[in-house]
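J.: sequence? don't have it. structure:
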């Protein structure tokens, strides 16, 4: 009996050792990038999700880049992931969309964002859904409809905020975009609703980037509950719309009508996830950009002076100063776009862009094997001193003479390739409109002492002319 037990233990030890060898050395026909696979199963997931300060490349990335180079391997949530801070490799990855790579997110990420969302589809289906989205928030819609609405709502909110002793930029700008975009998207008005959608989104946001452990009390569980409650509200609106057959002339009307088309792939589940993700992406990322630009402006008075000069020149050339911003005026805001690009470069709102690999990719002497995932890390490119002089400095003038309205291999704030962010123009227009009224109508930008991002960015503004 004792011999049998010893043999069994020896057999198990050999199996575990072989499994560990396979874990630590994933199959690859060529040479994998250097790196560490971390602990069995969970890999390096825990340190990857660890919070970090605003400035600089996340420590998880920067430490490994220092040790292994700009491209390294790791393991996240049980998956082999190659992290890239190399601008040439990133550009190649974006160009290979639909060939050797595809948009890839973990099962837990799709649970959060929606298994029928824009993120889950590829090829023709993705192109179709993206075109639907662009009909709502693309350049044509912005030029003809949304710019005027942004203008009116932004004026109203800034006027209201100027009466406060101080206000949290993130919270107020999120409320501003949420209010008008939710109504435009699917006729939802928070003030009139019995179930509050905004609170559900707040719960969703709190656990969006967290360890995927779905147990009551965890941030991930709260995130899923927030999504569940938000989906209920959206479903209720859709059911009411279908039963009443009342036209509200919003995006939901357009989607429901499109779903009736004979050859469409659109169904109610896709519509729900599309509305959910569009609303979240529009108000959350845009309010983050506004908060960041306010933070940088409060620290750099010379930028405020230059911005004010540009926008006062626009007012001088306008027949009536009280008329709203025109599309021609928006396109003329050169320094404003330099400020926005510099904010996005330093802010790195999107921490990582994930692509699944379907064919081995060989570059610079290493191989990224089929079946693995590549994570493009924007901050590693945007804060690279070889690409940007003094990369941690806020310097809008560094964009002089450069293309301001498109990405490049060294500027991937909105991704790249065929999956370039559909909301890029929406976010930039909203930030530009906000800045126009901020510097032309209000006197000062004062950040309250001692208050930093964990507690919100609290500022005070006052009207220039009363």
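T.: Arrived safely. A quick note: this is a predicted structure, and the numbers were derived from the prediction, not measured. Residues are numbered from 1 along each chain as shown.
J.: Strands of the stretch 351-466 of the chain, residue ranges please.
T.: 353-357, 361-363, 366-368, 373-376, 446-447, 458-460 (DSSP state E, counting those that start in this stretch).
J.: So residue 413 sits against residue 351, correct?
T.: No. Residue 413 sits out of contact with residue 351 when judged by C-beta atoms under 8 Å, with a separation of 11.9 Å. In short, each C-beta sits where N, CA and C put it, glycine included.
J.: of these two, who's got more company?
T.: A count of neighbours by other C-beta atoms under 10 Å puts residue 413 above the other of residue 413 and residue 351, at 24 against 15.
J.: Next, find the distance separating the nearest residue to that one once chain neighbours are set aside from residue 87.
T.: Spatial nearest neighbour of residue 413, excluding adjacent residues (C-beta to C-beta, 6 or more residues apart in numbering): residue 344 at 3.9 Å. Residue 344 is 16 Å from residue 87, where distance means C-beta to C-beta, to the nearest Å.
J.: One more: residue 216?
T.: 43 Å.
J.: who's more crowded, these two?
T.: Using other C-beta under 10 Å, the more surrounded residue of residue 216 and residue 87 is residue 87, with 21 against 7.
J.: Would you check that that one makes contact with residue 411?
T.: No. Look at residue 87 against residue 411 with C-beta under 8 Å: they stay out of range, at 9.3 Å.
J.: which residues do these two both contact?
T.: Residues touching both residue 87 and residue 411 (C-beta atoms under 8 Å, 6 or more residues apart in numbering): residue 381.
J.: The residue nearest to residue 413: which element?
T.: Using DSSP states H and E, residue 344 sits in helix 334-347.
J.: and that helix, which residues are buried?
T.: 335-347 (16 or more other C-beta atoms under 10 Å).
J.: quick revisit: so the residue nearest to residue 413 sits right up against residue 412, yeah?
T.: No. Using C-beta under 8 Å as the test, residue 344 is too far from residue 412 to be in contact (9.8 Å).
J.: Quick check: residue 251 touching residue 186?
T.: Yes. At 6.5 Å, residue 251 counts as touching residue 186 under the criterion of C-beta under 8 Å.
J.: who touches both of those two?
T.: residue 275.
J.: contacting residues around residue 267?
T.: Contacts of residue 267 (C-beta under 8 Å, 6+ apart): residue 259.
J.: So what does it have for phi and psi?
T.: Torsion angles at residue 267 (phi, psi; degrees, to the nearest 10) stand at phi -140, psi 180.
J.: Quick check: it vs residue 364, distance?
T.: As judged by C-beta to C-beta, residue 267 and residue 364 stand 44 Å apart.
J.: Just to be sure, residue 57 is in a strand?
T.: No. The assignment for residue 57, made by DSSP: H, G, I helix; E, B strand; the rest coil, is coil rather than a strand.
J.: nearest spatial neighbour of it, skipping sequence neighbours?
T.: The shortest distance from residue 57 to any non-neighbouring residue, by C-beta to C-beta, 6+ apart, is to residue 379 (4.8 Å).
J.: Please work out how many residues are found near the one you found.
T.: Using other C-beta under 10 Å: residue 379 sits among 22 other residues.
J.: give the contact list for it.
T.: 56, 57, 58, 61, 348, 351.
J.: Please indicate which of those are buried?
T.: 57, 58, 61, 348.
J.: Distance of the last one relative to residue 103?
T.: Note on residue 348: its distance to residue 103, by C-beta to C-beta, is 19 Å.
J.: Kindly report the same for residue 60.
T.: According to C-beta to C-beta, residue 60 and residue 103 sit 22 Å apart.
J.: Now the phi/psi pair for residue 72, please.
T.: Taking degrees, to the nearest 10, you get phi -140, psi 160 for the backbone angles of residue 72.
J.: hang on, isn't residue 100 packed against residue 362?
T.: No. Between residue 100 and residue 362 there is no contact under C-beta under 8 Å: 10.6 Å.
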